[in-house]
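**Q** what follows is a protein structure lacking sequence information:
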């Protein structure tokens, strides 16, 4: 089904690598924020890097006739990987805009979930480029489970927020960050769904 | 155009049936909430049931060559039905997260609108599976009208909220619930739009 | 590649014309709001007009075999132009719902950005209908730059909001309007992206 590793697979691997680095940076720093501007700026750098990979793939797609998997799948995969990076970067930028510096246990739990998701995504992408399609099922299932856990975490964290926080502006800030973190795991699930449909159509 | 009723049509009918049951449960209980946890849990059950139907359809689509209508249409229809269930379940879960127990006239009006939408959707789906495509126009028009009414209701309810409610946290809660209820009717309209494009391409 | 100017191109031009008129009306009036209801109503008129153009295009698409560009491109372009109008109308309606009458420098800056976007979109659409595809690159690049500026403006305006505004309800109102204005420029970027993919596939 596939020809030798090409520009599309190489670039998808680079996107997955960047995703892991970005999520790990996020996870390591989000619980000990001293300079929120530097934090947001670094996350923006990762997102810009990912935009460049997206641009490479779109440009190549438009001048290439033969692609290793269907072009719609390459586009969907690229877009969903880009959405994950955009999602986590948008979270990071809110720490700067809202000047959030205190540690928040729920944010750390979400970050941990997203780091795990990023590793599973990387694993799945490398299986794709090694043409081991059926083996992608395992990381896909892991991503779906992580997304379910993030759903539960959203319910618990928002319930806690409305039970405990009385300052409405503080509540607005944290509510948005929890929701954006959970949404980032939804984007991870979109990656898994795209990979699942690639498995189904090609096996 | 169609062969005998198959797994896709049967499952779409089951999704529509579940949708009506879920919306009616929502409508009957939302105005007299005593146990918001039980309410949210029951709505989650309906949503899980709908996920199973979605999974059945996606799995069957990937192993079936001949489908009664175009596979893209089956996918779009399945996704939009699933979105309606997800939308109403997300509303229900906010009653639990925000511990909303008092009656709210606007919420009852939205719920009534959504119950009506669900009946029109069920009517349209059963017309589809009976191959009476042109007859789907009538429920489709009804759904579009209901969505317009929900739009107006959102304007009125949000205007009232900002005029009357001075507690910002109370305002945040109700604003989100009104918006999610209105969004659920947008998802109903997506179902109607998908059905409309099926009519247009097949008649 | 194209046949003589047809119903699709004519209607897309009319959508672009309406978009410019609507955005200019928005920009001229948003900084001197006396009658927010009249303002919201006029914006709703533009949006309704745009819905009619969308309906014309969808109806024609379903009875026409030969289209001047691929039908998926016509649909994507129509949808993204419609999204821009919906976006700016949704902003306008919030001025009425929230009874916002005071001048806000950031809103004026966003409005100015959106007016510029609308002119670039109109320029690009007219180049498309004149079959000057490569020339669309220039307005497309301009739209992308404007969207980046709107992104920066969102960060600055939200940061300022959370630093300066202590009334949470006032903050909720302005936050939503800034976010919706920025989102409208995202919809403008979607138009540019659709046009870019038309360039790439046809040159």
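**A** Nice, thanks for sending it over. Every value quoted in this text rests on a predicted model; they were computed, and no experiment measured them. Residues are numbered from 1 along each chain as shown, chains lettered A, B, ... in the order given.

**Q** show me where chain A has its helices.
**A** Under the criterion DSSP state H, chain A contains helices at A:7-29, A:36-61, A:71-97, A:105-129, A:137-164, A:168-202.

**Q** want to throw those helices into JSON lines with mean neighbour count, mean pLDDT and distance to residue B:181?
**A** C-beta: built from backbone N, CA, C; applies to glycine. Supplementary listing: the helices of chain A in JSON lines, determined by neighbours: other C-beta atoms under 10 Å in any protein chain shown; pLDDT from 0 to 100; distance: least, C-beta to C-beta, whole Å:
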{"stretch": "helix A:7-29", "mean neighbour count": "20", "mean pLDDT": "97", "distance to residue B:181": "34"}
{"stretch": "helix A:36-61", "mean neighbour count": "17", "mean pLDDT": "95", "distance to residue B:181": "33"}
{"stretch": "helix A:71-97", "mean neighbour count": "21", "mean pLDDT": "96", "distance to residue B:181": "25"}
{"stretch": "helix A:105-129", "mean neighbour count": "21", "mean pLDDT": "98", "distance to residue B:181": "26"}
{"stretch": "helix A:137-164", "mean neighbour count": "17", "mean pLDDT": "97", "distance to residue B:181": "18"}
{"stretch": "helix A:168-202", "mean neighbour count": "20", "mean pLDDT": "95", "distance to residue B:181": "18"}
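
**Q** up against chain C, what does chain A have?
**A** Counting by C-beta under 8 Å from any C-beta of the partner chain, the positions of chain A adjacent to chain C are A:58-59, A:62, A:93, A:96-99, A:168-169, A:172-173.

**Q** any chance of CSV for the helices of chain A, columns distance to residue B:145?
**A** Written out in CSV, the entries for the helices of chain A read as follows (distance: least, C-beta to C-beta, whole Å):
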stretch, distance to residue B:145
helix A:7-29, 45
helix A:36-61, 40
helix A:71-97, 34
helix A:105-129, 41
helix A:137-164, 34
helix A:168-202, 31
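
**Q** tell me the residue furthest from the middle of chain A?
**A** Relative to the C-alpha centroid of chain A, counting by C-alpha atoms, centre = their mean, residue A:166 is the outermost residue, at 31.6 Å.

**Q** quick one, what contacts that one?
**A** With contact taken as C-beta atoms under 8 Å, 6 or more residues apart in numbering or on different chains, residue A:166 is in contact with residue B:169.

**Q** once you drop chain neighbours, what's closest to the residue positioned nearest the centre of chain A?
**A** Residue closest to the average C-alpha location in chain A (C-alpha atoms, centre = their mean): residue A:84, at 3.0 Å. Nearest residue to residue A:84 in three dimensions, chain neighbours excluded: residue A:187, at 4.5 Å (C-beta to C-beta, 6 or more residues apart in numbering or on different chains).

**Q** isn't that neighbour up against residue A:90?
**A** No. Using C-beta atoms under 8 Å, residue A:187 and residue A:90 do not qualify as a contacting pair, with a distance of 10.6 Å.

**Q** who in chain A is up against chain B?
**A** Along chain A, the residues adjacent to chain B under the rule C-beta under 8 Å from any C-beta are A:155, A:158-159, A:162-163, A:166, A:168, A:171-172, A:175, A:197, A:200-201.

**Q** between those, which is nearest chain C?
**A** The shortest gap between chain C and any of these belongs to residue A:168, at 3.9 Å (C-beta to the nearest C-beta).

**Q** which ones are touching that closest one?
**A** Residues touching residue A:168, when contacts are defined by C-beta under 8 Å, 6+ apart, comprise B:168-169, B:172, C:168.

**Q** same thing but 10 Å
**A** Residues touching residue A:168, when contacts are defined by C-beta atoms under 10 Å, 6 or more residues apart in numbering or on different chains, comprise A:175, B:167-172, C:167-169, C:171-172.

**Q** sorry, back to before: how close does the residue farthest from the centre of chain A get to residue B:167?
**A** From residue A:166 over to residue B:167 the distance is 11 Å, taken as C-beta to C-beta, to the nearest Å.

**Q** got it, and residue A:130?
**A** From residue A:130 across to residue B:167, the span is 57 Å (C-beta to C-beta).

**Q** now do the contacts for the closest residue to residue A:180 other than its chain neighbours.
**A** In space, residue A:180 comes closest to residue A:91 once its chain neighbours are excluded; the distance is 4.7 Å by C-beta to C-beta, 6+ apart. Remark: with contacts taken as C-beta under 10 Å, 6+ apart, residue A:91 is in contact with A:26, A:30, A:40, A:43, A:107, A:110-111, A:114, A:176-181, A:183-184.

**Q** how about 8 Å then?
**A** Listed by C-beta under 8 Å, 6+ apart, the contact set of residue A:91 reads A:26, A:177, A:180-181, A:184.

**Q** between these, which sits nearest residue B:148?
**A** Ranked by distance to residue B:148 (C-beta to C-beta), the contacts of residue A:91 are led by residue A:180 at 31.1 Å.

**Q** is it true that that closest one touches residue A:92?
**A** No. Taking C-beta under 8 Å as the contact criterion, residue A:180 and residue A:92 are not neighbours in contact, 9.6 Å apart.

**Q** intersection of neighbour lists for the two?
**A** Taking C-beta under 8 Å, 6+ apart as the contact definition, residue A:180 and residue A:92 share no neighbouring residue.

**Q** list the contacts for residue A:122?
**A** Neighbour list for residue A:122: A:16-17, A:19-20 [criterion: C-beta under 8 Å, 6+ apart].

**Q** of the residues you listed, closest to residue A:47?
**A** Each of those was scored against residue A:47 by C-beta to C-beta, and residue A:19 proved nearest at 10.3 Å.

**Q** which residue packs closest to that closest one, ignoring adjacent ones?
**A** The shortest distance from residue A:19 to any residue other than its chain neighbours is 5.0 Å, reached at residue A:118 (C-beta to C-beta, 6+ apart).

**Q** ok, the one you found to residue A:87 distance?
**A** Distance check for residue A:118 against residue A:87: by C-beta to C-beta, it reads 11 Å.

**Q** ok, now which ones touch residue A:93?
**A** Taking C-beta under 8 Å, 6+ apart as the definition of contact, the neighbours of residue A:93 are A:40, A:43-44, C:155.

**Q** just these now: which is nearest chain B?
**A** Comparing these against chain B with C-beta to the nearest C-beta picks out residue C:155 as the nearest, at 22.5 Å.

**Q** so what's that closest one up against?
**A** Residue C:155 makes contact with A:93, A:96-97 under the criterion C-beta under 8 Å, 6+ apart.

**Q** mind checking how far the nearest residue to residue A:7 once chain neighbours are set aside is from residue A:54?
**A** The shortest distance from residue A:7 to any residue other than its chain neighbours is 5.1 Å, reached at residue A:60 (C-beta to C-beta, 6+ apart). Taking C-beta to C-beta as the measure, residue A:60 falls 11 Å from residue A:54.

**Q** tell me the spacing between residue A:43 and residue B:65.
**A** Distance from residue A:43 to residue B:65, counting by C-beta to C-beta: 46 Å.

**Q** apologies, that question was intended for residue A:57.
**A** Spatial separation of residue A:57 from residue B:65 under the definition C-beta to C-beta is 31 Å.

**Q** with residue A:105 instead?
**A** Plainly put, residue A:105 is 51 Å away from residue B:65 if you go by C-beta to C-beta.
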